[in-house]
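1. Okay, here's the prediction I keep looking at, along with the sequence it came from:
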There are 2 protein chains.
Amino acid sequence: MLEPVAVKPIGVVRSSVKEPRMGDWESLESTIVVQDRWASALDGLEGFSHIIVIYWMHLVSEEPRATTTHVHPRGDPRIPLQGVFATRSPVRPNPIGLRVVALLERRGNVLRVRGLDAIDGTPVLDLKPYLFYYDGVPESTVADWVQKATKGPEEEGQLQES
Amino acid sequence: MLEPVAVKPIGVVRSSVKEPRMGDWESLESTIVVQDRWASALDGLEGFSHIIVIYWMHLVSEEPRATTTHVHPRGDPRIPLQGVFATRSPVRPNPIGLRVVALLERRGNVLRVRGLDAIDGTPVLDLKPYLFYYDGVPESTVADWVQKATKGPEEEGQLQES
């Protein structure tokens, strides 16, 4: 039951950002190039303004993620240590990235998106339509350390130890 | 770059629901039992009202997902065929499930949640805090076939061919 599962990437990110960085992804446009065999599986995705991109933060090496249980969110030592599952840190047992992005265009097997926090060459594992009535929880609340922060979870995306 | 990645489940779903079904997950309470080695990595997660659960729909067999590019959403033949990536169908190249659930309680390595659309025994790949200001997109729009439907994406969750 808890044996490893083999996940075959269905595409790759192409971006002008070649190195991990912290934040500043919001206005970035990049593309997702889906394997030719799955091009037709994108049919209809262009009907959605936003999609969920699930990707693999391939530059996070095995060693830190096998041993790290706690991190300072955003790498900020003023924020108390939190369990990695309570953060969006890329250093986590499975470096699965998740981001809701704006879908600007679909052309064949290529999606042009805005706001994807993944660097060039990142393997993409899955794509889903974003459904606000289903995926959005406006009444949700967050931990105090998040509320006190002034900006987004800047450690999200590929701030990676390569 | 597009080689398979090995994802090691970090826990398992325990639920009264033993077989895949379509919909009716909203009020269901279930638990996520995280491996002992990752128990402390949950520290702080209890500060969030909702979490993102990423899981592996293990009952979806290899054959249909290797060959299926289009499905009728919700299995409803009245809805035109859509590419699988434009739907939340479990039959997709990588049967990765994604659900935002209410976190009711954390006790050690066990999380009690409400609304998880995964059956008993489902491997869990990752857990993240849900941040509405970051993950929510109220202004997003969806395809016509979604708008015309009366309920949620009922094919989501583990409606699986076992």
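-> Great, that's in hand.
2. C-alpha only now, for contacts and for neighbours.
-> Noted.
3. burial measure for A:S61, as a count.
-> When neighbours are counted by other CA atoms under 10 Å in any protein chain shown, A:S61 registers 14.
4. Apologies, that question was intended for A:H50.
-> For A:H50, the neighbour count with other CA under 10 Å is 25.
5. How about the contacts made by it?
-> Listed by CA atoms under 8 Å, 6 or more residues apart in numbering or on different chains, the contact partners of A:H50 are A:100-103, A:129-130, B:140-141.
6. what sits opposite it in the beta ladder?
-> A:H50 has these beta-bridge partners by DSSP bridges: A:A102.
7. returning to that earlier point: got a PyMOL select line for the buried ones in the contacts of A:H50?
-> Applying 16 or more other CA atoms under 10 Å in any protein chain shown to the contacts of A:H50, the buried members can be selected in PyMOL as follows:
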select buried, (chain A and resi 100+101+102+103+129+130) or (chain B and resi 141)
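8. Which one of the contacts of A:H50 is nearest to A:K8?
-> When the contacts of A:H50 are ranked by distance to A:K8 (CA to CA), A:P129 comes first, at 19.7 Å.
9. Can you get me a residue count around the closest residue in space to that closest one that isn't next to it in sequence?
-> In this structure, A:P129 finds its nearest non-sequential neighbour in A:I51, 4.6 Å apart by CA to CA, 6 or more residues apart in numbering or on different chains. Using other CA under 10 Å, A:I51 has 23 neighbouring residues.
10. what's A:L127 sitting at in phi/psi?
-> The phi and psi torsions at A:L127 (degrees, to the nearest 10) take the values phi -130, psi 140.
11. Could you double-check that it lies in contact with A:V53?
-> Yes: applying CA atoms under 8 Å, one finds A:L127 in contact with A:V53, separated by 5.0 Å.
12. Which of the two has more residues huddled nearby?
-> The neighbour comparison of A:L127 against A:V53 (other CA under 10 Å) goes to A:L127, with 27 against 22.
13. show me where chain A has strands.
-> Using DSSP state E, the strands assigned to chain A run over residues A:5-7, A:11-14, A:29-34, A:50-56, A:70-71, A:82-83, A:96-107, A:110-114, A:123-129.
14. Pull up the pairing partners for the second one, direction included.
-> Okay, so that is strand A:11-14. As defined by DSSP bridges, the strand partners of strand A:11-14 come to strand A:29-34 (antiparallel), strand A:123-129 (antiparallel).
15. Check the offset of the first one from the chain's centre.
-> Counting by CA atoms, centre = their mean, to the nearest Å, strand A:29-34 is centred 13 Å from the centre of its parent chain.
16. That one vs strand A:110-114, what angle?
-> 150 degrees (axes from the mean of the first three to the mean of the last three CA atoms, to 10 degrees).
17. Could you give the average pLDDT over strand A:29-34?
-> Averaged over strand A:29-34, pLDDT sits at 98.
18. what do you get for stretch A:68-83?
-> The pLDDT scores in stretch A:68-83 average 95.
19. how many neighbours does A:R106 have?
-> Residues near A:R106, counting by other CA under 10 Å, number 18.
20. most neighbours per residue, which of the strands paired with strand A:11-14?
-> strand A:123-129 (a mean of 25; mean count of other CA atoms under 10 Å in any protein chain shown).
21. Off-centre distance for that strand?
-> 10 Å.
22. Can you list the neighbours in contact with that strand?
-> Outside strand A:123-129, the residues that touch it by CA under 8 Å, 6+ apart are A:7-13, A:32, A:45, A:48, A:50-58, B:1-2, B:85-88, B:93-94, B:96, B:142.
23. List the contacts of A:R112.
-> A:R112 is in contact with A:29-32, A:103-106, counting by CA under 8 Å, 6+ apart.
24. for it, which residues make a bridge with it?
-> On DSSP bridges, the residues paired with A:R112 through beta bridges are A:T31, A:E105.
25. How about A:V7?
-> B:V5.
26. before we move on, the earlier item: check contacts around the residue nearest to A:P129.
-> Remark: with contacts taken as CA under 8 Å, 6+ apart, A:I51 is in contact with A:100-103, A:127-130.
27. cool, A:R92 as well?
-> Residues in contact with A:R92, defined by CA under 8 Å, 6+ apart, are A:65-66, A:68-69, A:84-85.
28. can you do 6 Å?
-> Shown in contact with A:R92 (CA atoms under 6 Å, 6 or more residues apart in numbering or on different chains): A:65, A:84.
29. near chain B, which residues of chain A?
-> Residues of chain A lying close to chain B (CA under 6 Å from any CA of the partner chain) are A:2, A:4-9, A:41-45, A:47-49, A:69, A:82-86, A:127-129, A:136, A:140-143.
30. Please consider this matter closed, and thank you.
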